[in-house]
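**Q** structure for the following, please:
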Amino acid sequence: MTGEPQEVQAEGTAQAPSEFPVVNLEKGDSLAEVVGKFFTSPWGRDKRKLSDVREALQSYGLNYPKQSVAVALLRLAKTTKLRRFKAEDGEYVYTSATTFTPAVQGRGEGVQSELASGL
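**A** Numbering: from 1, shown residues only. Reported below is the predicted structural model:
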């Protein structure tokens, strides 16, 4: 040992930046709004368990009981903002209900402009 500070990390504990969603949170956002923002980010395209959502919330300093997060996820799934299904292990997983692609959004703009012009 040389006396210099060394960075010590346990193997497998380093968190990659993509492991948590990157979103802008407002001060008055409800739990459902925060979770909804998580699932509209690229992070939400992958299957996520309740524990993943809780860890993401905690990464932003938001500590909610497991039951509160579960209810928020269920309500978002019932309003079709999230997809909810059982994984092979029997635990529910959640994913974004819609994925936005630039090609689809580009086609819709023409229809909206036609509707706006009075068709």
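**Q** can you pull the contacts of the closest residue in space to residue 21 that isn't next to it in sequence?
**A** The spatially closest residue to residue 21, leaving aside those adjacent along the chain, is residue 43, at 3.6 Å (Cβ to Cβ, 6 or more residues apart in numbering). C-beta here means a position set from N, CA and C on the backbone, and glycine is covered the same way. Going by Cβ atoms under 8 Å, 6 or more residues apart in numbering, residue 43 touches 18, 20-22, 56.
**Q** buried only: go through the residues you listed for me.
**A** Among the contacts of residue 43, those scoring as buried are 20-21, 56 (criterion: 16 or more other Cβ atoms under 10 Å).
**Q** just the helices in the protein please.
**A** Along the chain, the segments classed as helices by DSSP state H run 31-40, 50-59, 66-78, 102-116.
**Q** hmm, who's touching the second one?
**A** Pointing back at helix 50-59 there. 20-21, 34-35, 38, 43, 63-64, 66, 69-70, 73, 91-92, 94.
**Q** switch to 10 Å and redo it
**A** 15, 19-21, 23, 31, 34-35, 38-39, 41, 43-44, 46, 48-49, 62-70, 72-73, 91-94 (Cβ atoms under 10 Å, 6 or more residues apart in numbering).
**Q** show me which of the residues you listed are buried.
**A** Judged by 16+ other Cβ under 10 Å, buried ones among these: 20-21, 23, 31, 34-35, 38-39, 43-44, 48, 64, 69, 72-73, 92-94.
**Q** so residue 92 makes contact with residue 84?
**A** Yes. If you go by Cβ atoms under 10 Å, residue 92 and residue 84 touch, sitting 5.7 Å apart.
**Q** overlap in contacts of those two?
**A** The contact lists of residue 92 and residue 84 share 73-74, 77, where a contact means Cβ under 10 Å, 6+ apart.
**Q** make a markdown table out of these and add distance to residue 27 and pLDDT.
**A** Output for those, formatted as a markdown table (distance: Cβ to Cβ, whole Å; pLDDT from 0 to 100):
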| residue | distance to residue 27 | pLDDT |
| --- | --- | --- |
| 73 | 22 | 96 |
| 74 | 25 | 96 |
| 77 | 26 | 94 |
